[in-house]
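> need the 3D shape of this:
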Amino acid sequence: MSPKRTPLYPAMAELGARFVEFAGWEMPVQFSGPIEEHMAVRQAVGLFDVSHMARFELRGPSALAVIQELTCNDASRLVDNQVQYSALMTHQGTVVDDITVYRISEEHYFLCVNAANAGKDHQLIQLSVPGREAELSDVSGFYAQIALQGPAAEPLLQSLTKIDLESVKFYRFAIGEVDGARSIVSRTGYTGEDGFEVYAPSEDAPRLWRKFMEQGRSFGIRPCGLAARNTLRLEAKMLLYGNDMDETTTLLEADLAWILKMDKGEFLGREALRRQQQEGLKRKLAGFEVLDRAPARDHYPIHFNGQPISQVCSGSFAPYLRKNIGLAYLPIEACQPGTRFEIAIRGRQVPAQVVPTPFYRRQKKQQT
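A predicted model of the protein is given here:
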């Protein structure tokens with residue numbers, strides 16, 4: 001079966017995108033080059049097509065109850081126009097998928113989930129709907145999803161919308177027109193920079209993409225592909241499902257305790273996670289820096305005290321930091337910053353060291 005294409009495929013092809021298959025979609029891996037694109041996001045503004053992500057709507061008086069049962073975070077704390085990072089859980093406390101939950105109203109929620117997990121996520125949620133006043137809809141085809149990321153994202157987007165973007169705080173959203181297309185405009189992203197994700201009607205997306213490129217010239221815009229998206233999220237220690245977490249890793253092991261709200265009431269995996277809290281972790285996801293010029297790529301073997309213990313989950317050269325960094329599950333006794341271990345890189349045992357994360361944290365704008 002041929003990979004699917006997003007509504008933005010023709011507009012990206014015009015810009016010379018190099019495409020690869022990703023999660024069943026034909027997606028751009030790069031345009032001008034991963035390092036140039038990465039640096040544009042850190043210093044100016046980058047434009048991403050993330051329309052391959054799946055989008056669901058959950059409506060009805062029981063919508064919140066369904067979300068509360070299946071996810072680890074506390075969606076009851078949300079107010080209208082607020083977004084929450086969360087995860088769909090298994091009974092074992094492991095991660096079905098990491099998701100974002102948008103509260104449009106008390107009985108209307110919008111969920112953004114990973115493309116590769118769309119089918120199983122929809123099935124899991126649908127199984128919790130029968131007998132409740134809730135209705136689940138897959139609205140992925142209705143929306144395209146365009147991300148504008150970087151310090152110039154706000155002024156660029158503001159030039160094309162009457163929404164007061166300064167009033168849209170981090171992990172909040174507004175609904176309004178962007179260059180005439182009625183859209184959800186969310187101050188979220190996957191790069192560690194300030195920026196926005198614009199959920200626009202699919203038929204308007206190619207025009208919007210071209211408009212962003214045209215209007216963005218004076219802001220230093222670059223179209224960006226999957227390669228830059230991956231190095232940007234890694235520098236910011238934003239986890240990638242399938243690499244850094246999955247149904248074999250618990251939320252606590254994945255260092256995601258900050259989205260775990262044990263006091264919200266019952267939810268899938270709560271008891272398993274409570275037991276793990278009481279017994280203590282045996283391993284945990286940790287960040288590391290390679291003490292060598294060679295980057296540690298995904299799946300490279302890791303040795304500690306002369307013994308093979310795990311493998312690199314995500315590893316790459318970090319263009320902004322100019323270091324070789326990565327994430328890996330290490331024994332809990334090896335997770336302290338400063339702990340050294342070795343990575344097998346092309347037949348050599350290369351030294352690496354655990355470091356604090358996130359590797360990169362953007363500087364917040366000064367209040368005037």
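
> from here on, contacts and neighbour counts on C-alpha atoms
Fine.

> count the neighbours of the closest residue to residue 238 other than its chain neighbours for me.
Leaving aside its chain neighbours, residue 238 sits nearest to residue 190 (6.9 Å; criterion: CA to CA, 6 or more residues apart in numbering). Under the neighbour criterion other CA atoms under 10 Å, residue 190 is assigned a count of 21.

> what's the mean pLDDT across the longest helix along the chain?
Identified as the longest helix of the chain according to DSSP state H is helix 205-216. Mean pLDDT, helix 205-216: 98.

> now do the very next helix or strand once past that helix: distance to the chain's middle.
Following the chain from helix 205-216 toward its C-terminal end, the next helix or strand by DSSP states H and E is strand 221-223. Computed by CA atoms, centre = their mean, to the nearest Å, the chain-centroid distance of strand 221-223 equals 20 Å.

> cool, stretch 244-264 as well?
For stretch 244-264, the distance to the chain centre is 15 Å (CA atoms, centre = their mean).

> what comes up buried for that stretch?
244-247, 249-254, 256, 259-260, 262 (16 or more other CA atoms under 10 Å).

> which of those fall within helices?
The helices, defined by DSSP H, take in nothing from the buried residues of stretch 244-264.

> what about the closest residue to residue 34 other than its chain neighbours, which SS state?
In this structure, residue 34 finds its nearest non-sequential neighbour in residue 228, 4.9 Å apart by CA to CA, 6+ apart. Secondary structure for residue 228, judged by DSSP: H, G, I helix; E, B strand; the rest coil, is helix.

> quick one: contacts for residue 228?
30, 34, 35, 37, 38 (CA atoms under 8 Å, 6 or more residues apart in numbering).

> neighbours of the first one, how many?
The reference is to residue 30. Using other CA under 10 Å, residue 30 is surrounded by 22 other residues.

> give me the pLDDT for the closest residue to it other than its chain neighbours.
Closest residue in space to residue 30, ignoring its immediate chain neighbours: residue 225 at 4.3 Å, by CA to CA, 6+ apart. pLDDT, residue 225: 98.

> quick one: residue 225 from residue 274, how far?
Separation of residue 225 from residue 274 (CA to CA, to the nearest Å): 40 Å.

> residue 90 too?
In this view, residue 90 and residue 274 are 14 Å apart by CA to CA.

> looks like residue 300 contacts residue 312 (just checking).
Yes. Assessed by CA atoms under 8 Å, residue 300 is found in contact with residue 312 at 5.3 Å.

> between these two, which one's more packed in?
Using other CA under 10 Å, the more surrounded residue of residue 300 and residue 312 is residue 312, with 22 against 17.

> about what we covered before: more neighbours, residue 90 and residue 274?
Neighbour count, other CA under 10 Å: between residue 90 and residue 274, residue 90 has more, with 21 against 14.

> burial measure for the nearest residue to residue 164 once chain neighbours are set aside, as a count.
Nearest residue to residue 164, sequence neighbours excluded (CA to CA, 6+ apart): residue 158, at 7.5 Å. Using other CA under 10 Å, residue 158 has 14 other residues around it.
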